[in-house]
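Participant: Test case, fold it:
(2 chains)
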Amino acid sequence: QVQLQESGPGLVKPSDTLSLTCDVSGYSISSGYYWAWIRQPPGKGLEWIGSIYHSGSTYHNPSLKSRVTISVDTSKNHFSLNLGSVTAADTAVYYCARSGTAVITPITYWGQGALVTVSS
Amino acid sequence: QSVLTQPPSVSGAPGQRVTISCTGSSSNIGAGYDVQWYQQLPGTAPKLLIYDNRNRPSGVPDRFSGSKSGTSASLAITGLQAEDEADYYCQSHDSSLSGSLVFGGGTKLTVL
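Facilitator: Numbering: from 1, shown residues only, chains lettered A, B, ... in the order given. The predicted structure is shown next:
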């Protein structure tokens, strides 16, 4: 069974960089599939941040692209999110997830989510 | 504003049938991209409910069904149960956003 677990600081200061890691168990990232980051501000809807293939190819939400870096480390079987120049609007629960063998495939596995608050 | 439009809330009594609409445009649903539906129970991560417009993953009851026509999609829930009370999100992709994954704003289902 594929399991995903987000980890990282729960509090980030404005203008700093938000960094999260998603540890994957039950499946080897290097075997394929797309791996995604999705966020949900408190009381609001879901927003896709971006996706990465095991080879390192990435796709980003155009509205966030200039601030987002998604990377994968197959040796540690995890992938990461860096979001720069954060503001209070970036406060959200951040989910890591897995979709299919193409970027336009359903999201089939989700992590439990990690709340990140942006505040001084 | 979300690229895909859903009603903020719907409600129904136990045993009834409810539908949730998801309205898009010619650059997403109308362009032929498939629609997925996710169920999010309070305090939990979303769960895939319907994929590729009308298919149910293993374990999802057949009370849940999906359809797509033109630039819209719908989720129908029959035989409503108290445990169905949750937020529901539609999801597709949009060619005007470089194929980005897009979500609807979500619909809160209340079981009366």
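Participant: can you list the residues of chain A near chain B?
Facilitator: A:36, A:45-48, A:51, A:59, A:61-62, A:95, A:103-104, A:106-108, A:110-113 (CB under 8 Å from any CB of the partner chain). No exception for glycine: its C-beta is placed from N, CA and C like everyone else's.
Participant: Strands - which of these land there?
Facilitator: Among the residues of chain A next to chain B, the ones falling in strands (DSSP state E) are A:36, A:47, A:48, A:51, A:59, A:95, A:110.
Participant: Not counting its neighbours along the chain, what's nearest residue 1?
Facilitator: Answering for chain A, as no chain was given. Distance criterion CB to CB, 6 or more residues apart in numbering or on different chains; nearest residue to residue A:1, sequence neighbours excluded, is residue A:26 at 5.1 Å.
Participant: wait, I meant chain B there
Facilitator: residue B:105 (7.9 Å).
Participant: Let me see the contact set for residue A:105.
Facilitator: A:34, A:99 (CB atoms under 8 Å, 6 or more residues apart in numbering or on different chains).
Participant: How much space separates it from residue B:7?
Facilitator: Using CB to CB, to the nearest Å, residue A:105 is found at 27 Å from residue B:7.
Participant: how many neighbours does residue 26 have?
Facilitator: Since no chain was named, I'll use chain A. Neighbour count for residue A:26, taken as other CB atoms under 10 Å in any protein chain shown: 10.
Participant: my bad, the chain I had in mind was chain B
Facilitator: Neighbour tally, residue B:26, other CB under 10 Å: 12.
Participant: Got the phi and psi for residue B:89?
Facilitator: phi -120, psi 130 (degrees, to the nearest 10).
Participant: My guess is it contacts residue B:46. True?
Facilitator: Yes. Using CB atoms under 8 Å, residue B:89 is in contact with residue B:46, at 6.4 Å.
Participant: Report the set of residues contacting both of the two.
Facilitator: Counting by CB under 8 Å, 6+ apart, the residues touching both residue B:89 and residue B:46 are A:46, B:38, B:40.
Participant: ok, the last one - contacts?
Facilitator: What it means is residue B:40. Per CB under 8 Å, 6+ apart, neighbours of residue B:40: B:46, B:47, B:86, B:87, B:88, B:89, B:106.
Participant: Next, work out how far apart it and residue B:92 are.
Facilitator: Taking CB to CB, one finds residue B:40 at 17 Å from residue B:92.
Participant: can you check residue B:98 too?
Facilitator: 14 Å.
Participant: separation between residue A:117 and chain B?
Facilitator: Between residue A:117 and chain B the computed distance is 17 Å (CB to the nearest CB, to the nearest Å).
Participant: what is the mean pLDDT for the host helix or strand of that residue?
Facilitator: Assigned by DSSP states H and E, residue A:117 belongs to strand A:114-118. Computed over strand A:114-118, the mean pLDDT rounds to 98.
Participant: now do stretch B:8-23
Facilitator: 98.
Participant: Tell me which helix or strand in chain B has the weakest average pLDDT.
Facilitator: strand B:100-103 (a mean of 93; mean pLDDT, DSSP states H and E).
Participant: what pairs with it, and is each one parallel or antiparallel?
Facilitator: strand B:86-94 (antiparallel) (DSSP bridges).
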